[in-house]
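In: Build me a model from this:
(chains A and B)
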Amino acid sequence: MSATITAPTPQALARHARRRGTGARRRRLLLWIATHALAVALALMFLAPVGFIALTALMTDQQALTSELWPRSWNWDNFAEVFEKSRLLRWAANTLLYAGLGTLFTLVSSVPVAYALARFRFRGRRAAFLVVISTMMLPPQVVAVPIYLVWARLGLTDSLWPLILPLLLGDAFSIFLLRQFLVTIPRDYTDAAKVDGCSDFRTLVRVVLPMARPAIAAVALFQFFYCWNDYYGPLLYAGVEQENLTLSLGLATFKAFHSVQWNLTMAATLLVTAPVIIVFFFAQKVFIEGVTLTGVKG
Amino acid sequence: MTSLPAAPPRWRRGEGLRALAWLSPWIAGVSIFFIYPLISTVYFSFHRYDMYTLEFIGLDNYRYLFQDARVAASARNTLWLVAFMVPATVLFSLALAQLVIRLKAGVSLLRTIFYLPSLVPMTAGTITFVFLLNPATGPVNHLLSLIGIRGPDWFGDPAWSKPSLTLLGLWGCGQLMVIFMAALLDVPRHLYEAAAIDGAGPWRQFRSVTLPTIAPVLMFALVTNVIYALQYFSQAMIASRVAQGSTDSPGSSFSPGYPDESLLTLPQWLFQVGFRDYSMGYACVLALLLFGTSMIFTLILLRQFRRAEEAS
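Out: The predicted model follows:
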């Protein structure tokens, strides 16, 4: 329905976009303009929330309580004030511990399980995979009460350990994602390694892991982001002490404690969001490929 | 993990046992964090338990379930989410994906812009929307008033709180958009060409070519999003708290699901009952209810997976 490619686009996009034109050149041009105008308009709407919080974050607290959109003065020290008025750095450290250690544990525990599910032939293999999917879709609140009681008895509530330690025993979503990728590795490679006398472990480390790097990177990023953004888990276990909170949880309480200071709340919101966006720009490709992997297909 | 001899039939031997060894940490995980707590939840559901005293009360907790107005409210809200929010999010993501794959200029920039909000931490995103939609100080109603529209009370109005959260959901639909983009690009080109030669217009092409090809992905997206709607917790909880100005500190008053329980969902009510009011026995009944409903949709999902596996 439209002309040939004018901008460098990924090949797949290009293949799709090429259409044998039957309509007039003019109609194609109009359609081109309409599609792009719509996309740009939507993009502006997607960006607008970030723009508004940035502008509000720079206002004085009085101005932030009005409906004015543009700051009368640019109060950059609002950001400094957020650090003074909250334990933001402490929250960041807690969050980093949760996300960092959580990701490490997840990878160490989930890769072998995914490998076994993808490669070994055994009775109950399909049943095991169905259990993975079921636990992946299980609302975390279903089993929350008994698990909470166990952690309470161990004296580990009011900390993030109840969220980190279980990841040593595998994470369903990560296992699922890795397994989906590992089944696509042709058996010939692993079989050849076996024929050469490699143990299962060596085959995994020498043959499978190098080939699975994109999937492992995607799982690591997803798990890191999941922990970084998690609200429910820390809400349940971190308790109410300010110094035990994570960024997500702390930010939610920040608004309540500084309810008339929308400017500071918005500054804190930006500070919590910024690291995520920065990481994304460094690892964009891994993300997009990883998301595609979650799409389905056996 | 012994080193294995070369002959193919030999190294296949004992694969079941080796698999068991490799899976054992995960099996332990499922036992400790799924099977044990599930059995334990059933046990507690027949008891009154506040972390100190345990008292058998038979079916009382189950009977109370039917009198609990909050459960009814949660069910209504969840039904709304499934009926409106899920289809809206899925359709919007699909439309957005269709739009992006048609673009010729600025594709990667626009794709990034549409994708990014889905990475914004839920807390930050929700607070942002509560601010944007604040009737007194937020920019949205201000902009609406410039064109002569009196904006609603959004997160302060029980009739508008769920639509407000839906807007937040649409803003964060990037993951789904990327999944749909991949699916749409997988549709063989020649099918469109054949359809075009047969004189099929854009709508007809979508119905006869696109839809059948992406149907598995679409179904998968719908079912997983229904399950996520059943679990809906963080955004609703944060929106309620921030809109109401309540902290989670002891002594702070908080009406769950504010305004008027319009944002209350079963997981939130379970959290309140079990971990703020410490009625853990009754919380377990709520947990079993949640388990039952989500299991129905999980089974549908599993059937789809089996079909996909058989097809490939």
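
In: now chain A, which segments are flagged as low pLDDT?
Out: Low-confidence segments of chain A (pLDDT under 70): A:1-23, A:259-260, A:295-298.

In: now stretch B:90-106: how far from the chain's centre is it?
Out: Here the centre of stretch B:90-106 is set off from its chain's centre by 22 Å, with CA atoms, centre = their mean, to the nearest Å.

In: quick one: average pLDDT of it?
Out: What stretch B:90-106 shows for mean pLDDT is 93.

In: For it, list every residue counted as buried.
Out: For stretch B:90-106, the neighbour count (16 or more other CB atoms under 10 Å in any protein chain shown) marks B:90, B:92-94, B:96-106 as buried. For glycine as for every other residue, the C-beta is placed from the backbone atoms N, C-alpha and C.

In: Closest one of these to residue B:50?
Out: Set against residue B:50, the nearest of the buried residues of stretch B:90-106 by CB to CB is residue B:90 (41.7 Å).

In: dump the residue contacts of the closest one.
Out: Contacts here follow CB atoms under 8 Å, 6 or more residues apart in numbering or on different chains; on that basis residue B:90 touches B:176, B:218, B:221-222, B:225.

In: Select from those the one having the most neighbours.
Out: residue B:176 (25 neighbours; other CB atoms under 10 Å in any protein chain shown).

In: got a list of what it touches?
Out: By CB under 8 Å, 6+ apart, the residues touching residue B:176 are B:89-90, B:93, B:221, B:225.

In: quick one: which of those is nearest chain A?
Out: For those, the residue nearest chain A by CB to the nearest CB is residue B:221; the value is 8.1 Å.

In: Would you convert the contacts of residue B:90 into a markdown table that also reports secondary structure?
Out: Shown next, in a markdown table, are the contacts of residue B:90 (DSSP: H, G, I helix; E, B strand; the rest coil):
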| residue | secondary structure |
| --- | --- |
| B:176 | helix |
| B:218 | helix |
| B:221 | helix |
| B:222 | helix |
| B:225 | helix |
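
In: Break chain A down into its domains, please.
Out: A:1-45, A:86-293 (automatic domain parsing).

In: Could you identify which of those is most buried?
Out: Of all the domains of chain A, domain A:86-293 has the most neighbours on average by mean count of other CB atoms under 10 Å in any protein chain shown, namely a mean of 20.

In: quick one on the thing from earlier: and chain B, which of the domains of chain A is closest to it?
Out: Per CB to the nearest CB, nearest to chain B of the domains of chain A: domain A:86-293, 2.9 Å.

In: Just the ones of the buried residues of stretch B:90-106 in helices?
Out: The helices, defined by DSSP state H, take in B:90, B:92-94, B:96-102 from the buried residues of stretch B:90-106.

In: Residue B:263 is in contact with residue B:78, isn't it?
Out: No - at 11.0 Å, residue B:263 and residue B:78 do not qualify as touching, with contact defined as CB atoms under 8 Å.

In: Show me which of these two is the more surrounded one.
Out: Per other CB under 10 Å, whichever of residue B:263 and residue B:78 has more neighbours is residue B:263, with 28 against 22.

In: What pLDDT does the model give the residue nearest to the more buried one when sequence neighbours are not counted?
Out: The shortest distance from residue B:263 to any non-neighbouring residue, by CB to CB, 6 or more residues apart in numbering or on different chains, is to residue B:236 (4.3 Å). If you check residue B:236, the pLDDT there is 94.

In: secondary structure element for residue A:98?
Out: Residue A:98 is part of helix A:88-119, with elements assigned from DSSP states H and E.

In: Kindly spell out which helices and strands sit in contact with that helix.
Out: helix A:125-137, helix A:161-164, helix A:172-182, helix A:213-229, helix A:247-257, helix B:15-30 (3 or more CB pairs under 8 Å, 6 or more residues apart in numbering or on different chains; DSSP states H and E).

In: These: which one's closest to residue A:67?
Out: Evaluated over the helices and strands packed on helix A:88-119, closeness to residue A:67 peaks at helix A:247-257, with 18.5 Å, by CB to CB.

In: okay, and for chain B, where does confidence drop off?
Out: B:1-13, B:247-253, B:312.

In: try it again with 80
Out: Across chain B, the ranges flagged by pLDDT under 80 are B:1-14, B:245-254, B:308-312.

In: what's the nearest residue to residue A:65 if we skip its chain neighbours?
Out: Per CB to CB, 6+ apart, closest to residue A:65 is residue B:137, 5.6 Å.

In: Pretty sure the one you found sits in a helix.
Out: No - Residue B:137 is assigned coil when assessed by three-state DSSP, not a helix.

In: ok, now which ones touch residue A:222?
Out: Counting by CB under 8 Å, 6+ apart, residue A:222 has contacts A:173-174, A:177, A:290.

In: Which residue ranges of the stretch 51-200 of chain B form strands?
Out: According to DSSP state E, counting those that start in this stretch, the stretch 51-200 of chain B carries its strands in the segments B:54-56.

In: Establish whether the longest helix seen in chain B and chain A are in contact.
Out: Of all segments of type helix in chain B, defined using DSSP H, the longest is helix B:280-311. Yes - Helix B:280-311 reaches chain A (CB under 8 Å from any CB of the partner chain) through B:280, B:283-284, B:287-288, B:290-291, B:294-295, B:297-298, B:301-302, B:304-306, B:308-311.

In: Residue B:53: neighbouring residues, count only.
Out: Quick note: residue B:53 (other CB under 10 Å) scores 8 neighbours.

In: got a list of what it touches?
Out: Contacts of residue B:53 by CB under 8 Å, 6+ apart: none found.

In: could I get the ones in helices among the buried residues of stretch B:90-106 as JSON lines with distance to residue A:257?
Out: As requested, those are exported to JSON lines (distance: CB to CB, whole Å):
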{"residue": "B:90", "distance to residue A:257": "37"}
{"residue": "B:92", "distance to residue A:257": "35"}
{"residue": "B:93", "distance to residue A:257": "36"}
{"residue": "B:94", "distance to residue A:257": "41"}
{"residue": "B:96", "distance to residue A:257": "37"}
{"residue": "B:97", "distance to residue A:257": "41"}
{"residue": "B:98", "distance to residue A:257": "44"}
{"residue": "B:99", "distance to residue A:257": "42"}
{"residue": "B:100", "distance to residue A:257": "41"}
{"residue": "B:101", "distance to residue A:257": "45"}
{"residue": "B:102", "distance to residue A:257": "47"}
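
In: one step back: residue A:239: which of the contacts of residue B:90 is nearest?
Out: residue B:225 (32.1 Å).

In: How many residues are close by the residue nearest to that closest one when sequence neighbours are not counted?
Out: Distances taken as CB to CB, 6+ apart put residue B:86 closest to residue B:225, at 4.7 Å, once the chain neighbours are dropped. Number of residues near residue B:86 (other CB under 10 Å) recorded here: 21.
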